[in-house]
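In: attaching a predicted model along with its sequence, questions to come.
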2 protein chains.
Amino acid sequence: MNRASAVQILALPGIPMVKAGDDIAALIEAGLVRAGLRLQAGDVLVIAQKIVSKAEGRLIDLASVTPSAEAVKLAEQVQKDPRVIELILSESVRVVRARPNLVITQHRLGFVMANAGVDQSNIASAEEAAQHALLLPRDPDGSAEALRARLSSAAGVAVAVIINDSFGRAWRRGTVGVAIGAAGLPALLDLRGTPDLFGRALQVTVSGFADEIAAAASLVMGQADEAQPVVLVRGLTWRAPDAPASELVRPPAEDLFR
Amino acid sequence: MNRASAVQILALPGIPMVKAGDDIAALIEAGLVRAGLRLQAGDVLVIAQKIVSKAEGRLIDLASVTPSAEAVKLAEQVQKDPRVIELILSESVRVVRARPNLVITQHRLGFVMANAGVDQSNIASAEEAAQHALLLPRDPDGSAEALRARLSSAAGVAVAVIINDSFGRAWRRGTVGVAIGAAGLPALLDLRGTPDLFGRALQVTVSGFADEIAAAASLVMGQADEAQPVVLVRGLTWRAPDAPASELVRPPAEDLFR
């Protein structure tokens, strides 16, 4: 067994609205103090993508965006604001599917996702949201690693960090939390060669460990996820080297659904 | 907020190996006693598909299987036992993708998944596994409902039940826990019309609630999931009518990736 049998999922209380330049590690440390919690070795902090993006200044004023001819054409097809489509295309390497009200692209980070993660919900007031869009962090694994280093050093114990987002899925309705950044744990847990209960090699043996943690945290973040954007997951154990969330991206050559 | 801010995930200790005809509800009740736990209203019991399938007699002796010509042909293409392929085809309505060592079908229950859920790991000894395969429960939502009714009635409080399995995903590596059966909770949590933090209608507002719970439970089940096949998830709250796991299946007409 390299997984624990009892896990706690705790939302940190009172994390304030985040704006560009805010220090997420400091906000987390204050939230821990507020909750009367001290970080322990093996704790995983799951942080909503939106607050990391906001802190990193990824909120874009649409007035600053000039849509390309390609964006204008796609915007007509999918019936969206051409400036938002311009941002989606600038964040993407390829459009995977486009239909009215739906654009699925391959983000430059590799993720196949709706709208390349460009989001206009939970931004600010309704008027402001119509004029702004939030992009994914430039390097979510790097952001997770920086937060991991800061938090571990301050606490004097090794903790892990996941940055999560809600993704739709092929074949299944509803969004689920997934990891777009990870540090301090194996995003994929490769059990190939580990015998199963009866000594037989397992057939399907690579688990999306960071994605399962991201989904678990999403349960307490709530849908309007800036309400409780930081969640502590305590009680997991693992024995495998760290690997970032980029490892969760299926290489196009292995992928049968593009 | 219709989600709680603190959730516990507890594996029930000492659940024995399960065989055809075993009473899963009785095994769970004994596991709760062993753990010193009493069910509370809103508790969710997540049960590994394998033990439900075994209890329901879904372990098939491959000696009893005669492959069709279609199964023999597909078995050559994907390099698998033709008898296992026969079972996969008999459980499926359509082959979605077939490659060497990989068969993805649409299960008759609607799930798009590898091998139609036909599994040869964690069955018994290596010799027995080569001669047997385990199918999904015939009606996982029905199995979940029967267990929910039994457990709620015995405990005198309303609990929910999820039957989970590990699925691969398009675009992302690693398997994650998903719900194949659910009762007593909304498998999908439809928040359409719920304003976000700033009063603006949410754009993506349907969450795969039961899938996120299934993934969270999978973290403590471990990969060799008969080790800890029953997990109690405590502390979630929701306000929406019950809906079964079949609601998680995206209708083919909405699906862009078949």
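Out: Right, received. Where do you want to start? Keep in mind it's a predicted model, so treat the numbers as computed, not measured. Numbers count the residues shown, from 1 in each chain, chains lettered A, B, ... in the order given.
In: what's the span of stretch A:246-258 from first residue to last?
Out: Using Cα to Cα, to the nearest Å, one end of stretch A:246-258 lies 18 Å from the other.
In: go on, stretch A:107-114?
Out: In stretch A:107-114, first residue to last residue: 9 Å (Cα to Cα).
In: correct me, but A:Val178 touches A:Asp211?
Out: Yes. Here A:Val178 reaches A:Asp211: they are 4.8 Å apart, a contact under Cβ atoms under 8 Å. From N, CA and C alone the C-beta is placed, and that goes for glycine too.
In: so where is the stretch 1-150 of chain A shaky, pLDDT-wise?
Out: A:1-4, A:122-129 (pLDDT under 70).
In: now the helices for it?
Out: Secondary structure of the stretch 1-150 of chain A (DSSP state H, counting those that start in this stretch): helices at A:24-35, A:49-55, A:69-78, A:82-90, A:126-131, A:140-155.
In: buried set for the second one?
Out: The one in question is helix A:49-55. Counting neighbours by 16 or more other Cβ atoms under 10 Å in any protein chain shown, one finds that the buried residues in helix A:49-55 are A:Gln49, A:Lys50, A:Ile51, A:Val52, A:Ser53, A:Lys54, A:Ala55.
In: is that helix positioned near chain B?
Out: No. In terms of Cβ under 8 Å from any Cβ of the partner chain, no part of helix A:49-55 sits within range of chain B; the closest distance is 10.1 Å.
In: tell me the contacts of the residue lying closest to A:Leu62 once chain neighbours are set aside?
Out: Nearest non-adjacent residue to A:Leu62, counting by Cβ to Cβ, 6 or more residues apart in numbering or on different chains: A:Arg83, 4.5 Å away. Neighbouring residues of A:Arg83 by Cβ atoms under 8 Å, 6 or more residues apart in numbering or on different chains: A:Leu62, A:Val65, A:Thr66, A:Pro67, A:Ala71, A:Ala133.
In: equivalent analysis for A:Gly31, please.
Out: A:Leu12, A:Pro13, A:Gly14, A:Ile15, A:Val230.
In: which one of those is nearest to chain B?
Out: Chain B lies nearest to A:Pro13 out of the contacts of A:Gly31, by Cβ to the nearest Cβ, at 7.4 Å.
In: what number of residues lie near A:Asp23?
Out: For A:Asp23, the neighbour count with other Cβ atoms under 10 Å in any protein chain shown is 12.
In: contacts only, for A:Ala133.
Out: Per Cβ under 8 Å, 6+ apart, neighbours of A:Ala133: A:Leu59, A:Ile60, A:Leu62, A:Arg83, A:Val84, A:Leu87, A:Val118, A:Asp119, A:Gln120, A:Ile123.
In: which residues does the second one bridge with?
Out: Counting by DSSP bridges, A:Ile60 forms beta bridges with A:Ala133.
In: please list all residues in contact with it.
Out: Contacts of A:Ile60 by Cβ under 8 Å, 6+ apart are A:Leu87, A:His132, A:Ala133, A:Leu134, A:Leu135.
In: how far away is the second one from chain B?
Out: Translated: A:His132. The gap separating A:His132 from chain B is 11 Å, by Cβ to the nearest Cβ, to the nearest Å.
In: counting neighbours, what do you get for that residue?
Out: 17.
In: my read: it touches A:Asp61, true?
Out: Yes. Under the criterion of Cβ under 8 Å, A:His132 makes contact with A:Asp61 at 5.9 Å.
In: still on that earlier bit, spit out the residues that contact A:Val178 and A:Asp211 alike.
Out: Common neighbours of A:Val178 and A:Asp211, counting by Cβ under 8 Å, 6+ apart, are A:Leu248, B:Arg172.
In: circling back: now the buried residues of helix A:49-55 in JSON lines, with distance to A:Ala114?
Out: Converted to JSON lines, these look like this (distance: Cβ to Cβ, whole Å):
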{"residue": "A:Gln49", "distance to A:Ala114": "13"}
{"residue": "A:Lys50", "distance to A:Ala114": "15"}
{"residue": "A:Ile51", "distance to A:Ala114": "20"}
{"residue": "A:Val52", "distance to A:Ala114": "19"}
{"residue": "A:Ser53", "distance to A:Ala114": "16"}
{"residue": "A:Lys54", "distance to A:Ala114": "20"}
{"residue": "A:Ala55", "distance to A:Ala114": "23"}
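In: from those residues, pick the one nearest A:Leu256.
Out: Within these, distances to A:Leu256 taken as Cβ to Cβ reach their minimum at A:Gln49, with 27.2 Å.
In: stretch A:93-111: how far from the chain's middle?
Out: Stretch A:93-111 sits 17 Å away from the centroid of its parent chain (Cα atoms, centre = their mean, to the nearest Å).
In: what sits up against that stretch?
Out: So stretch A:93-111 is contacted by A:74, A:77-80, A:85, A:88-89, A:91-92, A:112-117, A:136, A:140, A:167, A:180, A:246, A:249, A:252, A:258, B:171, B:256-257 (Cβ under 8 Å, 6+ apart).
In: just these: which are in strands?
Out: A:Ser92, A:Val112, A:Met113, A:Ala114, A:Phe167, A:Ile180 (DSSP state E).
In: by neighbour count, which of those wins?
Out: Of all the ones in strands among the contacts of stretch A:93-111, the highest neighbour tally under other Cβ under 10 Å goes to A:Ile180, namely 31 neighbours.
In: excluding chain neighbours, what is closest to that one?
Out: A:Pro140 is the one closest to A:Ile180 (Cβ to Cβ, 6+ apart), at 4.5 Å.
In: again with A:Arg138
Out: Setting aside the residues directly before and after it, A:Arg138 is nearest to A:Glu56 in space (Cβ to Cβ, 6+ apart), at 6.9 Å.
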